[in-house]
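1. coords please:
(2 chains)
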Amino acid sequence: SQQGEEDPQALSIQEGENATMNCSYKTSINNLQWYRQNSGRGLVHLILIRSNEREKHSGRLRVTLDTSKKSSSLLITASRAADTASYFCATRSLSGGYNKLIFGAGTRLAVHP
Amino acid sequence: EPEVTQTPSHQVTQMGQEVILRCVPISNHLYFYWYRQILGQKVEFLVSFYNNEISEKSEIFDDQFSVERPDGSNFTLKIRSTKLEDSAMYFCASSDWRGAAQTQYFGPGTRLLVL
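-> Residues are numbered from 1 along each chain as shown, chains lettered A, B, ... in the order given. Predicted coordinates:
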């Protein structure tokens, strides 16, 4: 089974619009993290939400976590062309392999000027 | 702001050769990780390292791979005899004393190409 699956796989929007990306996972988690990756570059940490949190904000980012549905969403408000990147969710499991992050396949976001 | 650094940024090698990828984690961090990302695929966990020993490794991390913290600042990944399928972006990451319960900070990656 796949942990940390994002949808949509690709999202294309205009500057100023909001972008919402979703992530689902299968096992119980300690936390869920969102990362951004510009094409061919490193992973930039965006935000971490713990299993006992339901919502978190950071600037234009809003993350929600629903542990009953094993899902999370990342909302980027008032998007900019510079937000164009791939976005990944990554989960830290509660059991078996608690040291590692399990990444999803990512959502490729394109923000057009 | 402190960051994880990695060298080299790109490495091209012949199949069967040994490569060493280097990382300098954030200075007060105690947990270190290697991940890889084959082009167009997910980021995959390879190994975690704490207190000078491997704390966890994935199925990918076979006998061809090894990690070392040779001094107080560097953290290396060695691939003894590279295969074509080892071509990937390799990311080093580190987290502080609270371990994987906290944010893992990633370096910019080393792009390895095995010919």
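2. does the nearest residue to residue B:57 once chain neighbours are set aside count as helix, strand or coil?
-> Distances taken as CB to CB, 6 or more residues apart in numbering or on different chains place residue B:47 nearest to residue B:57, at 4.4 Å, with adjacent residues excluded. Using the backbone N, CA and C atoms, a C-beta is placed for each residue, glycine as well. Three-state call for residue B:47 (DSSP: H, G, I helix; E, B strand; the rest coil): strand.
3. give me the number of residues near residue B:47?
-> Applying other CB atoms under 10 Å in any protein chain shown, we find 21 residues neighbouring residue B:47.
4. so which residues on chain B come close to chain A?
-> Contact residues, chain B versus chain A (CB under 8 Å from any CB of the partner chain): B:31, B:33, B:35, B:41-45, B:48, B:50, B:55-56, B:58, B:89, B:91, B:93, B:99-109, B:111.
5. select only the buried ones of those in ChimeraX?
-> Here the buried members of those are turned into a ChimeraX selection, burial being counted by 16 or more other CB atoms under 10 Å in any protein chain shown:
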select /B:31,33,35,42,43,44,45,48,50,55,56,58,89,91,93,99,100,102,103,104,105,106,107,108,109,111
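6. inside strands: which ones of the residues of chain B next to chain A?
-> B:31, B:33, B:35, B:43-45, B:48, B:50, B:55-56, B:89, B:91, B:93, B:105-106, B:111 (DSSP state E).
7. give the bridge partners for residue A:50, please.
-> residue A:31 (DSSP bridges).
8. got a pLDDT number for it?
-> Looking at residue A:50, its pLDDT reads 90.
9. looking at chain A, which helix or strand is least sure?
-> strand A:5-7 (a mean of 73; mean pLDDT, DSSP states H and E).
10. can you list the residues that contact that strand?
-> Applying CB atoms under 8 Å, 6 or more residues apart in numbering or on different chains, the contact partners of strand A:5-7 are A:21-25, A:87-89, A:104-107.
11. which one of these is nearest chain B?
-> residue A:105 (5.4 Å; CB to the nearest CB).
12. before we move on, the earlier item: who does the least confident helix or strand of chain A pair up with?
-> Here strand A:5-7 is paired, per DSSP bridges, with strand A:19-24 (antiparallel).
13. neighbours of the spatially closest residue to residue A:17 that is not a sequence neighbour, how many?
-> Using CB to CB, 6+ apart and skipping residues adjacent in sequence, the residue nearest residue A:17 is residue A:79, 5.7 Å away. If you count neighbours by other CB under 10 Å, residue A:79 ends up with 21.
14. the residue nearest the centre of chain B and residue B:49, how far apart?
-> Centroid-nearest residue in chain B: residue B:34, 3.1 Å away (criterion: CA atoms, centre = their mean). Distance, residue B:34 to residue B:49, by CB to CB, to the nearest Å: 8 Å.
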